[in-house]
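Trainee: return atomic coordinates for the entry below.
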Amino acid sequence: MNTLWIIINIIVMLVLIGLLVWMQKKHISFTKRVFTGLGLGIVFGVILQFFFKPDSYVIGKSTEWFNLVGYGYVGLLQMIVIPLIMVSIISAIMNLKGAQNLGKMTISIIAVLLMTTAIAASVGIITTLSFDLQAIEIQSGDKEQAQGLKLEEKLGDVEDKSIPQQMLEFIPTNPFADMTGARSSSTLAVVIFSAFIGVAVLGIDRKKPKQAQTFRDMIDAVYAVVMRIVTLVLRLTPYGILALITKTIATTNIEEILKLITFVIASYVALIVMFIIHLILLTLFGFNPRVYFKKVLPTLTFAFTSRSSAASIPLNVETQTKKLGVSTGIANLSATFGATIGQNGCAGIYPAMLAVMIAPTVGIDPTSWDFILKLILVVVISSFGVAGVGGGATFASLIVLSTMGLPVALAGLLISVEPLIDMGRTALNVNGSMTSGLISSKILRENDHEVYNDRNIELDTSQV
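Mentor: Predicted structure coming up:
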């Protein structure tokens, strides 16, 4: 009987995919198809929840087949991340008026990311205090205790490296290995290596113009091919979102979430407040927040369902360049840096909330200014260094908690709601990177306002 239900679930998924294919053939807009996939996935996931338990055999086997579409799509995006970063950054830097512009772009983007991370940490602190959240009030089960032990084991990896040592890992000592994603800092290392190539081309423009032009032509050709691949992959976004959100809803344990519902609500209040702050910042720099929100919503939807800032890079870059009018160089740098440095959700709000919750368990007053100012500073610094060790929110929290002298094992109490909160955190991370790109493009006067204000622009994915 179980096998029959699994087959039925797979058939239903295929029917829903067929509906999205039909919509594409009818040339229905990309945005509408994305949200149709999201809506269908939510409904299908709720139905599966109604008939089967989240940890049931039927759900487990059904979602394994759904993963072919969902995680298959995420895998294709990850496949194109490194080639896209390399050719885009090399191409962008080769076309700069001077190598000094690269420094301005980098400083501006990182400054915005770190500034918003400090604000995010403040929002996390205020929200936690407002909801009066304390780790001592959360009940600990077998899963929570096991997760706590794992975090303590991982702490050794973090403590063995100081922030400067972690930052040294950004250097691409073996760029070819980094192109394979061999290290947690590989993405950032590829950015640095690509930047050196671009600067080198600028350096030989006068001395060997013929060789420089040959290299430019080669990069231009590769860039065209890579962007075509990106377009082909992005065409699959509605199907990926359908499968990803279906699995997420179907496998979510509602009972476990209800036990920690106050923390879930507080987390999303903090995330929403930070989203609003992003919109306020964009408004101060002359961007219409309603236009921005409408254009970035499909990208944020994918980030929300995939829970992967890195996999969101191609869609992030396309959105910034094609819909927001950001220059190619700034878009690539902000999308890449935003996936590894200054993550507002994973490295800003979350570690700050955990620290405030855990502080009372060791007799520390989380309302004291000494604690708050130190926590914000530690969060900002760790948000820069966390890229060297990878692991997103978990490693960011380990660094912050250990630096603040707080027990890391208590962070394991939230394991049951971690996936649900991580969805919102990832969307905020990606939004933060796009915000940094837009603000930097405004500061450096590399934003096309006509593209930004054109409300009819769609990503070119329907005509592939």
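Trainee: my guess is Q211 contacts I204, does it?
Mentor: Yes - counting by CB atoms under 8 Å, Q211 does reach I204; the two are 6.4 Å apart. Glycine gets a C-beta too; all of them are placed from N, C-alpha and C.
Trainee: where does pLDDT dip in the stretch 1-150 of the chain?
Mentor: Counting by pLDDT under 70, the stretch 1-150 of the chain shows low-confidence ranges at 96-100, 137-150.
Trainee: contacting residues for Y57?
Mentor: The contact partners of Y57, by CB atoms under 8 Å, 6 or more residues apart in numbering, come to N2.
Trainee: and the gap between the spatially most central residue of the chain and G342?
Mentor: For the chain, the residue nearest the mean C-alpha position is S309 (2.2 Å; CA atoms, centre = their mean). Distance check for S309 against G342: by CB to CB, to the nearest Å, it reads 11 Å.
Trainee: helices along the stretch 51-200 of the chain, start to end?
Mentor: Read by DSSP state H, counting those that start in this stretch, the stretch 51-200 of the chain holds these helices, from start to end of the chain: 57-94, 100-131, 142-159, 163-168, 175-178, 186-204.
Trainee: do you know which of those helices lies nearest V362?
Mentor: helix 142-159 (14.9 Å; CB to CB).
Trainee: who's in contact with the nearest residue to M404 once chain neighbours are set aside?
Mentor: Leaving aside its sequence neighbours, M404 sits nearest to A355 (CB to CB, 6 or more residues apart in numbering; 5.5 Å). Neighbouring residues of A355 by CB under 8 Å, 6+ apart: 366, 375, 400-401, 404, 406.
Trainee: now, the residues you listed that are in helices?
Mentor: 375, 400-401 (DSSP state H).
Trainee: pLDDT score assigned to the residue of the chain positioned farthest from its centre?
Mentor: Most distant residue from the mean C-alpha position of the chain: K207, 41.4 Å away (CA atoms, centre = their mean). Note for K207: predicted pLDDT of 84.
Trainee: assign a three-state SS to it, would you?
Mentor: With DSSP: H, G, I helix; E, B strand; the rest coil as the basis, K207 sits in coil.
Trainee: now it: how far from I93?
Mentor: From K207 over to I93 (counting by CB to CB), the distance is 18 Å.
Trainee: same check on I381?
Mentor: From I381 to I93 the distance is 28 Å (CB to CB).
Trainee: same drill for the two, tell me which one is more crowded.
Mentor: Counted by other CB atoms under 10 Å, I381 and I93 do not tie: I93 has more neighbours, with 25 against 16.
Trainee: didn't R33 look like it was pressed against Y239?
Mentor: No - counting by CB under 8 Å, R33 stays clear of Y239, with 9.1 Å between them.
Trainee: mutual contacts of the two, please.
Mentor: L20.
Trainee: export stretch 338-347 as PDB, just CAs?
Mentor: In PDB, the C-alpha atoms belonging to stretch 338-347 read as follows (Å, rounded to 0.1, in the frame of the first residue of the first chain):
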ATOM      1  CA  GLY A 338      27.100  38.700   0.400                       C
ATOM      2  CA  ALA A 339      27.100  34.900   0.300                       C
ATOM      3  CA  THR A 340      30.200  34.800   2.500                       C
ATOM      4  CA  ILE A 341      30.700  38.100   4.400                       C
ATOM      5  CA  GLY A 342      28.300  40.100   6.400                       C
ATOM      6  CA  GLN A 343      25.300  37.800   6.200                       C
ATOM      7  CA  ASN A 344      22.600  39.800   7.900                       C
ATOM      8  CA  GLY A 345      20.500  36.800   8.800                       C
ATOM      9  CA  CYS A 346      22.900  34.000   9.500                       C
ATOM     10  CA  ALA A 347      25.800  36.000  10.900                       C
END
